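Chemist: Could you work out the structure for the sequence below:
(one chain, ligands or ions: 2)
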Amino acid sequence: MNRTGYSLLSVVIPSFNEELVIRETHQRLISALKRIPKVGLELVYVDDGSEDTTLDILRGIQGADDRVRIVALSRNFGHQVALTAGLEHASGDIVAVIDADLQDPPEAIMEMVNRWRAGADVAYGVRSLRQGEGASKRAFSHAFYRLMNRLSEVPVPLDTGDFRLMDRMVVDALLAMPEQSRYVRGMVAWTGFRQEPVHFERAPRLAGGSKYSFGKMVRLAADGILSFSVIPLRLASYLGFAASVLALAGIVYALVLRLLTDVWVTGWTLLFIAMLFLGGVQLLVLGVIGEYLGRAYGELKRRPLYFVKETIGFPPRGTTDGRDGEATS
Ligand code: UDP
Ligand code: MG
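Modeler: Ligands and ions are numbered 1, 2, ... in the order given. Predicted coordinates:
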């Protein structure tokens with residue numbers, strides 16, 4: 001399509017228990033986005049089963065601004081699924097994804113749009129600073145991204161989150177990937193196309209605590225590694241090989257000792273250690289295989305990724321999806 005003409009920009013905002021920040025987020029989004037020339041706006045808030053008043057606040061925001069759409073999910077499905085739900089409901093020629101807590105600066109979206117106009121299909125945010133995040137969280141992400149790139153067949157750019165802008169082509173490609181364990185930033189990298197970084201400083205969360213519990217973070221990391229790499233499965237062969245080499249060394253040692261000194265290696269300590277070692281290796285490998293099997297089982301069930309409880313503010317079907325009569329070429 002023509003990237004220099006008028007385009008519809010959708011912004012997807014996954015929100016889970018964000019009552020403390022969501023109003024301010026909306027205001028800052030609007031004031032940053034209205035500066036971008038030649039774009040129409042659509043804001044798709046996904047309420048990921050919030051237990052607080054987030055959805056009510058969103059209703060209020062929507063009542064006052066008809067560019068706002070709400071997708072309310074039937075329960076908490078997690079960030080990556082909420083994000084996918086938003087992408088599925090967005091109708092823009094370009095679609096941006098941003099966190100609800102203002103850690104990603106909405107002002108950077110303008111730069112992303114400029115990149116897109118200059119030919120990039122994906123403009124992804126790269127954090128150059130992480131304020132207000134604990135040392136343990138920073139260490140965890142640092143280690144994770146580097147491990148991930150070691151293992152993965154598709155390198156995911158370092159220090160990126162899901163803050164990015166995508167061309168319609170890329171969004172459609174992403175939505176054509178039906179997997180249940182979704183690691184969206186990896187999937188976007190996997191689609192190919194022309195992807196360019198936009199650097200920004202990550203601010204501290206405006207208010208409230210992180211909605212990513214440690215468990216959710218570990219699961220995301222596991223999804224990232226296991227959906228993009230089978231190297232952990234190869235671990236079995238490596239460990240088997242290492243154990244065999246050790247065993248062989250033991251045999252040679254025992255034989256040489258016997259031939260040279262007339263002493264037999266005896267004692268149950270060695271036996272016990274060898275047994276524990278082998279048992280440990282076998283359980284570890286079984287666990288790795290189990291992880292993949294569990295995921296395969298999850299995929300096999302082919303359940304829908306999420307259920308929608310309610311959508312608000314979407315134009316009725318069959319209309320020009322909110323483009324105000326603009327040509328949709
Ligand atoms: N989020 C969500 N569902 C969840 C957890 C988080 O939609 O189950 C949203 C959350 O509202 C926020 C974004 O995902 O907009 C990132 O979450 P958060 O800021 O808590 O993560 P962090 O920045 O600590 O990694
Ligand atoms: Mg955050």
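Chemist: now stretch 249-262: mean pLDDT?
Modeler: Averaged over stretch 249-262, pLDDT sits at 84.
Chemist: which parts of it are buried?
Modeler: By 16 or more other CB atoms under 10 Å, stretch 249-262 has no buried positions at all. Where C-beta positions appear, they are placed from N, C-alpha and C, glycine not excepted.
Chemist: which residues of the stretch 101-250 of the chain fall in strands?
Modeler: Secondary structure of the stretch 101-250 of the chain (DSSP state E, counting those that start in this stretch): strands at 122-130, 160-167, 195-202.
Chemist: packing partners for the helix or strand of the chain with the lowest mean pLDDT?
Modeler: Every helix and strand of the chain was ranked by mean pLDDT, DSSP states H and E. The lowest is helix 135-151, at a mean of 77. Judged by 3 or more CB pairs under 8 Å, 6 or more residues apart in numbering; DSSP states H and E, the packing partners of helix 135-151 are helix 214-226.
Chemist: Contacts made by the helix it packs on with the rest, please.
Modeler: For helix 214-226, the surrounding residues in contact (CB atoms under 8 Å, 6 or more residues apart in numbering) are 78-80, 137, 140, 144, 147-148, 151-152, 156, 181-183, 186, 212, 232, 291-292, 295.
Chemist: Quick check on these: which are buried?
Modeler: 78-80, 140, 144, 148, 152, 156, 181-183, 186, 232, 295.
Chemist: Now, those that are in helices?
Modeler: Mapping these onto helices (DSSP state H) picks out 79-80, 140, 144, 148, 186, 232, 295.
Chemist: With respect to ligand 1, which of these is nearest?
Modeler: For these, the closest approach to ligand 1 (CB to the nearest ligand atom) belongs to His79, at 3.9 Å.
Chemist: Which residues of the stretch 101-250 of the chain lie near ligand 1?
Modeler: Residues of the stretch 101-250 of the chain found near ligand 1 (CB under 6 Å from any ligand atom) are 101, 103, 205, 210-212.
Chemist: In ChimeraX, how would I select just the buried ones from the residues you listed?
Modeler: Listed next is the ChimeraX selection for buried residues among these, using 16+ other CB under 10 Å:
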select :101,103,205,211
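Chemist: Contacts only, for Ile22.
Modeler: Here Ile22 is in contact with 15, 45, 54, 57-58, 61, 100 (CB under 8 Å, 6+ apart).
Chemist: Reformat the residues of the stretch 101-250 of the chain next to ligand 1 as a markdown table; add pLDDT.
Modeler: Output for these, formatted as a markdown table (pLDDT from 0 to 100):
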| residue | pLDDT |
| --- | --- |
| Asp101 | 91 |
| Gln103 | 89 |
| Arg205 | 78 |
| Ser210 | 83 |
| Lys211 | 81 |
| Tyr212 | 83 |
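Chemist: Can you report how many residues neighbour the closest residue to Phe16 other than its chain neighbours?
Modeler: Sequence neighbours aside, Asp48 is the residue nearest to Phe16 in space, at 4.2 Å (criterion: CB to CB, 6 or more residues apart in numbering). Asp48: 27 surrounding residues under other CB atoms under 10 Å.
Chemist: Likewise for Leu73?
Modeler: If you count neighbours by other CB under 10 Å, Leu73 ends up with 23.
Chemist: Ramachandran coordinates for it?
Modeler: Per-residue torsions, Leu73: phi -80, psi 160 (degrees, to the nearest 10).
Chemist: ok, the residue of the chain positioned farthest from its centre to Leu271 distance?
Modeler: Farthest-out residue of the chain from its mean C-alpha position, per CA atoms, centre = their mean: Asp262, at 62.5 Å. Asp262 sits 21 Å away from Leu271, going by CB to CB, to the nearest Å.
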